[in-house]
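1. Provided below for reference: sequence and predicted model.
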Amino acid sequence: MAEALILTELDPDGVLTVTMNRPERRNAFNSEAFLALRDAFATANADPRVAVVLLTGAGDDFSSGLDLSAIEMNRDDEPPFELLMDAICAFDKPLVCAAKGCAIGFGATVLFHADVVYLGQSAKLRFPFVSLGLVTEAAAAYLGPVTIGHKQAAELLFTAEFFGAEKALQYGMATQVFDDDTLIPKALHKARQMAQWPIDSLVAVKRIMKAMHGEKVALARKLEMKGFAELMGSKANMEAFTAFMERRPPDFKQFRK
């Protein structure tokens with residue numbers, strides 16, 4: 001029997017630990033994993049026992065984002081990723097992320113939707129979208145500048161470079177950095193501190209914090225989906241995926257002639 005793609009564990013204090021569980025793929029997401037995480041967020045939002053969600057990854061990594069080897073090029077219905085983002089954007093309880101190892105693509109953009117982010121020293125983050133000939137996802141082109149400043153976000157989005165936990169902390173993307181071995185216990189401790197208070201108060205405060213950004217996040221996601229539809233399957237995008245499969249650097253300059 002196949003192991004669950006998403007694991008959930010609710011402790012007596014009201015902290016639901018949600019674990020992305022494909023460690024052999026560095027917790028990369030296929031369609032089934034996106035939908036399973038969507039269900040976990042929707043269930044947690046409706047469960048009166050859940051006060052706080054702690055999102056983390058199994059094994060040595062948080063998430064390497066989309067599983068490019070399992071990408072579905074054509075879908076007539078709404079993409080599973082967007083269904084997941086609907087659930088995350090609607091989630092109105094505190095969301096704490098605890099990330100170590102690789103945090104790439106969704107593994108990085110989801111951190112903009114977290115209320116508190118704790119990173120392990122080994123964390124390596126990356127927004128790879130332009131290197132794939134695509135646009136951002138999860139409203140990252142809006143939430144990035146809002147969270148860490150326009151110039152800092154532009155540097156990370158336009159270079160598609162890897163950056164570590166200390167830079168994420170310096171830029172204001174992370175709340176604190178811990179040793180990998182103590183990351184989860186310390187993140188759980190902080191989550192339990194939050195969970196001791198009335199859920200109605202936690203929800204009300206989060207809704208107020210998000211109120212000014214809701215429409216702009218929705219617009220950014222709409223523009224991203226439009227950009228994705230326009231660029232997916234382009235010459236540059238196909239070169240990026242071909243290069244990935246062939247394990248070589250992409251050659252985008254060939255399209256500038």
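-> Sure thing, it's come through.
2. low-confidence stretches in this structure?
-> Applying pLDDT under 70 to the chain picks out residues 1-2, 70-77.
3. where along it do the helices fall?
-> Taking DSSP state H, the helices of the chain run over residues 31-46, 80-90, 106-109, 140-148, 150-159, 165-171, 180-195, 199-211, 214-231, 235-246.
4. which of those helices sits most buried?
-> Ranked by mean neighbour count, the helices of the chain are led by helix 106-109 with a mean of 26 (mean count of other CB atoms under 10 Å). To be clear about C-beta, it is placed using only N, CA and C from the backbone, and glycine gets the same treatment.
5. any figure for the gap between the nearest residue to A160 once chain neighbours are set aside and A218?
-> In this structure, A160 finds its nearest non-sequential neighbour in S131, 4.2 Å apart by CB to CB, 6 or more residues apart in numbering. In this view, S131 and A218 are 26 Å apart by CB to CB, to the nearest Å.
6. which one, of the helices of the chain, ends up nearest to F62?
-> When the helices of the chain are compared by CB to CB, helix 106-109 sits nearest F62, at 4.9 Å.
7. redo the helices of the chain as TSV? Include distance to C97.
-> As requested, those are exported to TSV (distance: least, CB to CB, whole Å):
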stretch	distance to C97
helix 31-46	13
helix 80-90	11
helix 106-109	9
helix 140-148	13
helix 150-159	17
helix 165-171	11
helix 180-195	8
helix 199-211	15
helix 214-231	17
helix 235-246	26
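8. for those, which one sits closest to P12?
-> Nearest of those (CB to CB): helix 180-195, 9.6 Å.
9. and stretch 149-157, how far out from the chain's middle?
-> Computed by CA atoms, centre = their mean, to the nearest Å, the chain-centroid distance of stretch 149-157 equals 17 Å.
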